[in-house]
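S.K.: Curious how this folds, go ahead:
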Amino acid sequence: MKSHSFKALFLSASCIFSTLCLHAGAQDKSAVVQSEKHAFRISTLVSGLENPWSVAFLPDGRFLITERAGRLRLVSSDFKLDPKPIDGLPEVISHGQGGLFDVVLHPQYAQNGWIYWAYNAPGPGGWGTALARGKLQGQRMTDVQVIFSMQPKTRSGFHFGGRIVFDQSGFVYLTLGDRGDKDRAQKFDDHAGSVIRLHDDGRVPDNNPFVKRAGALPEKWTLGNRNMQGAALHPQTGELWTHEHGPQGGDEVNVMRSGLNYGWPVITHGVNYGLGTKIGEGQEKQGMVQAVKVWVPSIAPSGMAFVSGSQFPQWQGSLLVGALRGQMLVRLSLDGEKVVSEERLFQGRPGRIRDVRMGPDGLVYLLTDDVQGALLRIEPAKP
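M.R.: Okay, here's the model as predicted:
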């Protein structure tokens, strides 16, 4: 009894002297975590996932979870992982950072049944990020259509991007990395290092910014991006926000707008790995966008979501960003497009956070990137 009391006192004291602590029993729903503005519990819903990348919520309460190795998993509404992956997906190349990435439902999923996923697809010259859609029938994906596949393809294992977002007009956006070849991000005839924008069936919108530019690929909507692994639609403005990995330092959060150049590798706050030498021309240049937020040193961001709903009123409008290197969840308080404060939550405790989602229940869901990865949930609690 005395030992138990001492442990409780120690944990309580630890919380007081840190920005946020995650109790040793965080998977126990009785463990309460105190942040700057909210007390909450974090619990493990599903474990035994191999490098999970993305989670989507089906209307009947089930979950879809991608595993980077190429498996799409189904989780029941009572958090039981189906041992058999969903069949019917096109071939996924699991190589380096490549594999199966994001999964999202069409905004009118209840009417049309379309599910979209991003993945590393084979093709002439190697492989590259592609976007497909299909309809889930039992344990199989049917009516599968590949609606975009990046060009040119290479055999690199780096920087695939792979996040999918629908906007309020029904256009679909896919983030792409520079594929480990930084100069590709400034090329108009190359999909790498850009956001692409499509109709939901893969057709190119007539008002894409480079449709009439000679030699440009019409799907491109931005250029000058390095490796965007987080993307979310602002709930009030409807604009697309992304974050991207910098090199050694220089991770960025950006507001994405049609036809703009986000600078990589001409401008960056990062330096060459291991050398510390300059990349490009500096940190700013006329005609190139400055980031809303820059992290030096890098936190290796992945996954992001705007807080909405009524469950976390003091976090309302904040931007949540997962971190791989930092093994934490970052909360950014915003005033319009200005970051006014940053809070770092449970550093090093849950592991590498790959995905961050607001669930239909208004709670926050996280995926940890590990060979024994997990689906976690954050829910409010009284202090």
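S.K.: count of neighbours near the spatially closest residue to Val204 that is not a sequence neighbour?
M.R.: Excluding the flanking residues, the one nearest Val204 by C-beta to C-beta, 6 or more residues apart in numbering is Pro218, at 4.6 Å. In this view, the C-beta of every residue, glycine as well, is placed from N, C-alpha and C. Pro218 is flanked by 17 other residues according to other C-beta atoms under 10 Å.
S.K.: next one: Arg352
M.R.: There are 19 residues near Arg352, going by other C-beta under 10 Å.
S.K.: before we move on, the earlier item: surely the residue nearest to Val204 touches Asn208?
M.R.: Yes: between Pro218 and Asn208 there is a contact under C-beta atoms under 8 Å: 5.7 Å.
S.K.: shared neighbours of those two, anything?
M.R.: Taking C-beta atoms under 8 Å, 6 or more residues apart in numbering as the contact definition, Pro218 and Asn208 share no neighbouring residue.
S.K.: what helix or strand is the residue nearest to Val204 on?
M.R.: Using DSSP states H and E, Pro218 sits in no helix or strand.
S.K.: dump the residue contacts of it.
M.R.: 204, 208, 210-211.
S.K.: Adding secondary structure, pLDDT and neighbour count, write those residues out as CSV.
M.R.: Listed next are the contacts of Pro218 as CSV, based on DSSP: H, G, I helix; E, B strand; the rest coil; pLDDT from 0 to 100; neighbours: other C-beta atoms under 10 Å:
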residue, secondary structure, pLDDT, neighbour count
Val204, coil, 98, 17
Asn208, coil, 98, 21
Phe210, coil, 98, 21
Val211, coil, 98, 14
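S.K.: who does the closest residue to Ala130 other than its chain neighbours bridge with?
M.R.: Leaving aside its chain neighbours, Ala130 sits nearest to Ala121 (3.6 Å; criterion: C-beta to C-beta, 6+ apart). Here Ala121 sits in beta bridges with Gly128, going by DSSP bridges.
S.K.: wait, isn't Ala121 in contact with Ile147?
M.R.: No: at 11.5 Å, Ala121 does not count as touching Ile147 under the criterion of C-beta under 8 Å.
S.K.: Centroid-nearest residue for the chain?
M.R.: For the chain, the residue nearest the mean C-alpha position is Gly303 (2.5 Å; C-alpha atoms, centre = their mean).
S.K.: mind listing what that one touches?
M.R.: Contacts of Gly303 by C-beta under 8 Å, 6+ apart are 229-230, 321-322, 353-357, 366-367.
S.K.: Name the residues of the stretch of helix or strand it belongs to that are buried.
M.R.: If you go by DSSP H and E, Gly303 is part of strand 301-306. Going by neighbour count (16 or more other C-beta atoms under 10 Å), the buried part of strand 301-306 is 301-306.
S.K.: Quick check: the gap between the residue nearest to the centre of the chain and Leu74.
M.R.: 20 Å (C-beta to C-beta, to the nearest Å).
S.K.: How many residues are close by His95?
M.R.: As a measure of burial, His95 has 16 neighbours, counting by other C-beta under 10 Å.
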